[in-house]
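Asks: Have a look; sequence and predicted model below, questions after that.
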Amino acid sequence: MRRPSHLAAAAAALALAAAPATAGAASPTDRARDAGGPLDLLAASLSQQGPDLHLQLRTRGTWGPRQLVSSQQRSLCVELFRGSSANARSRLCVAGRSGSTRAALRFERLSPGGAVIAQRTLTNVHRPDMRTLQATFTPAQVELAVGDYRWRVTSSWTGSPDCAAKPCTDLLPDRGTIHATILPPRVSGCVPKGSSFRSAGPGHRKVVALTFDDGPSPYTSQVLRILRRFRIHATFFLIGEQVGPNARLVREELAEGNAVGDHTYTHANVSGGGSLAYSQISRTRSAIRRASGYYTPCLFRAPGGAVSGALFPVARSLGMLTIQWDVDPRDWSRPGTGSIYSTVVGQARRESIILMHDGGGPRNQTVAALPSIIRTLRSRGYGFQTVPDLLGLKPVYG
Ligand code: ZN
């Protein structure tokens, strides 16, 4: 993993190690360590977890961030490549922080000739020991988009006799680069927090949540097509017994960034809570997990909005907040496309939760009203969020 090779004495002479090596008779481990330079690379990983990238670097010797000064030709960097180019497009180098002994990462975007044309400092860096660095950052912070990229780690140092004229370097891997892919982060649920019963957000932000109950149904595809066209997301409260036969629609709802909630297994009145509510909600949760393969809902909506103090703790015990609404165009009663439109745009407020239906009967009026509802609210400055995002619930990834 190292080139060129080094003498043990040469490595020891390099004052990079923050803590001096233990004196005395060398154990086999010490001999192995001294055989390379302090910045000899032992291991590196760069992996995606949800929306974040995690970097871990491990070196043979110990070092402090302030000893890594590129002007003195000591560096520890991750080079990032895009496409088939042999030149790194950018790099992340370990750096010191002014007025601190803590490490940071400096991101540098490079010109084709290798000059630094932009840089920023990343500070979510942790050192569990003097040979290891761990850092967390988003793909956007290192200017990577969804797709393929390549990376490798480089280190260089000077100081020992055979690294005097020209810095010694180590590459990991020794040859070539490591291929990796940035995937869109997949949300697999959310963490319930705060009050168990919500009818709207706190009303600070100019956003609304569109919600659709009683699907999946033959109308679901039409609603999804409209959401896609406007590039917005909604929340679907699903009837458990319809989930299995329409698993493809459930996967499509989730894959396109929408949220999915639990609306009981058979659209039963579960306002009394107890074992009926428990079984209706938990069977639907299982059906959603099975159909999606990964998603667990954290939202429940009671059929007909029939709720009571006995119901909330049952839903909460299954990891779900009970979600009502503050805008109801009664679209299920087929009042006409114009009536659905005017009720929604007339009643929507900051952080409203808007009730509509994509199942449970003919929903052509709802589908017809939806584009103008979105256009009008958008022209008034409203954004559209899923209920978990509107309520600020932390997403679970995986
Ligand atoms: Zn319903």
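Replies: Nice, I can see it. Worth saying up front: this structure is predicted, and the values here are computed from it rather than measured.

Asks: Pull up the per-residue confidence for whichever residue of the stretch 1-150 of the chain sits closest to the ion.
Replies: Closest to the ion within the stretch 1-150 of the chain is residue 50: 31.5 Å, counting by C-beta to the ion. No exception for glycine: its C-beta is placed from N, CA and C like everyone else's. If you check residue 50, the pLDDT there is 88.

Asks: Now it: closest residue in space, sequence neighbours ignored.
Replies: Of all residues not flanking residue 50 in the chain, residue 397 sits nearest, at 2.8 Å (C-beta to C-beta, 6 or more residues apart in numbering).

Asks: Then residue 202?
Replies: Nearest one to residue 202, counting by C-beta to C-beta, 6+ apart, is residue 351 at 6.3 Å.

Asks: Please list all residues in contact with that neighbour.
Replies: 200-205, 207-209, 390 (C-beta atoms under 8 Å, 6 or more residues apart in numbering).

Asks: One more pass at 10 Å, please.
Replies: Shown in contact with residue 351 (C-beta atoms under 10 Å, 6 or more residues apart in numbering): 198, 200-209, 326, 382, 385, 390-391.

Asks: What does the nearest residue to residue 365 once chain neighbours are set aside show for phi and psi?
Replies: Spatial nearest neighbour of residue 365, excluding adjacent residues (C-beta to C-beta, 6+ apart): residue 337 at 4.8 Å. Note on residue 337: backbone dihedrals following degrees, to the nearest 10 are phi -60, psi -40.

Asks: top helix in the protein by residue count?
Replies: What stands out as the longest helix in the chain, according to DSSP state H, is helix 274-292.

Asks: Could you identify the helix or strand that succeeds it?
Replies: strand 299-300 (DSSP states H and E).

Asks: returning to what we had before: give me the helices and strands touching the longest helix of the chain, please.
Replies: strand 187-190, strand 235-238, helix 240-243, helix 247-255, strand 259-262, strand 299-300, helix 312-317 (3 or more C-beta pairs under 10 Å, 6 or more residues apart in numbering; DSSP states H and E).

Asks: Out of those, which is closest to residue 287?
Replies: Closest to residue 287 of those is helix 240-243 (C-beta to C-beta; 4.1 Å).

Asks: what comes up buried for whichever strand or helix holds residue 365?
Replies: When elements are assigned from DSSP H and E, residue 365 belongs to helix 364-379. Of the residues in helix 364-379, those buried under the neighbour-count criterion (16 or more other C-beta atoms under 10 Å) are 365-367, 369-370, 372-374, 377.

Asks: other SSEs contacting that helix?
Replies: Contacts defined by 3+ C-beta pairs under 10 Å, 6+ apart place helix 364-379 against strand 207-215, helix 220-229, helix 337-347, strand 353-357, strand 383-384.

Asks: now the third one, how far from the centre of its chain.
Replies: Once both centres are worked out by C-alpha atoms, centre = their mean, to the nearest Å, helix 337-347 turns out to sit 35 Å from its chain's centre.

Asks: Tell me which of the helices and strands packed on helix 274-292 approaches the ion most closely.
Replies: Nearest to the ion among the helices and strands packed on helix 274-292 is strand 235-238 (7.0 Å), distances taken as C-beta to the ion.

Asks: The closest one and the ion in contact?
Replies: No. Strand 235-238 does not reach the ion (C-beta under 5 Å from the ion); its nearest approach is 7.0 Å.

Asks: Quick check: mean pLDDT of that strand?
Replies: Here strand 235-238 scores 98 as its mean pLDDT.

Asks: ok, now which ones touch residue 84?
Replies: residue 150.

Asks: Could you look up the SS state of residue 140?
Replies: helix (DSSP: H, G, I helix; E, B strand; the rest coil).

Asks: for it, what are its contacts?
Replies: So residue 140 contacts 51, 182 (C-beta under 10 Å, 6+ apart).

Asks: so what pLDDT did it get?
Replies: Note on residue 140: pLDDT of 94.

Asks: Need phi/psi at the residue nearest the centre of the chain.
Replies: Most central in the chain under C-alpha atoms, centre = their mean is residue 51, positioned 2.4 Å from the mean C-alpha point. Note on residue 51: backbone dihedrals following degrees, to the nearest 10 are phi -90, psi 0.

Asks: again, but for residue 106
Replies: When quoted as degrees, to the nearest 10, the phi and psi of residue 106 stand at phi -110, psi 120.

Asks: In the stretch 101-250 of the chain, where is pLDDT below threshold?
Replies: 160 (pLDDT under 70).

Asks: Would you map out the domains in the protein?
Replies: Under the assignment automatic domain parsing, the domains of the chain span 5-182, 187-397.

Asks: Tell me which of those domains is the most buried.
Replies: domain 187-397 (a mean of 19; mean count of other C-beta atoms under 10 Å).

Asks: Span of it from start to end?
Replies: End-to-end distance of domain 187-397 (C-alpha to C-alpha, to the nearest Å): 5 Å.

Asks: follow-up on the earlier one: what's the spacing between the longest helix of the chain and its chain's center?
Replies: Computed by C-alpha atoms, centre = their mean, the chain-centroid distance of helix 274-292 equals 26 Å.

Asks: Close to the ion: what parts of the stretch 251-398 of the chain are there?
Replies: residue 303.

Asks: Which residue does the stretch 251-398 of the chain have closest to the ion?
Replies: residue 303 (4.6 Å).

Asks: Restrict the helix or strand hosting residue 151 to CA atoms and write it as PDB.
Replies: In this structure, residue 151 sits in strand 147-157 according to DSSP H and E. C-alpha atoms of strand 147-157 as PDB (Å, rounded to 0.1, in the frame of the first residue of the first chain):
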ATOM      1  CA  GLY A 147     -24.800   8.800 -10.400                       C
ATOM      2  CA  ASP A 148     -21.400   7.200 -10.700                       C
ATOM      3  CA  TYR A 149     -18.100   8.500  -9.500                       C
ATOM      4  CA  ARG A 150     -14.700   7.200  -8.600                       C
ATOM      5  CA  TRP A 151     -12.400   8.000  -5.700                       C
ATOM      6  CA  ARG A 152      -9.000   7.200  -4.200                       C
ATOM      7  CA  VAL A 153      -7.000   8.300  -1.200                       C
ATOM      8  CA  THR A 154      -3.600   9.900  -1.500                       C
ATOM      9  CA  SER A 155      -1.100  10.900   1.200                       C
ATOM     10  CA  SER A 156       2.300  12.400   0.900                       C
ATOM     11  CA  TRP A 157       5.000  13.300   3.300                       C
END
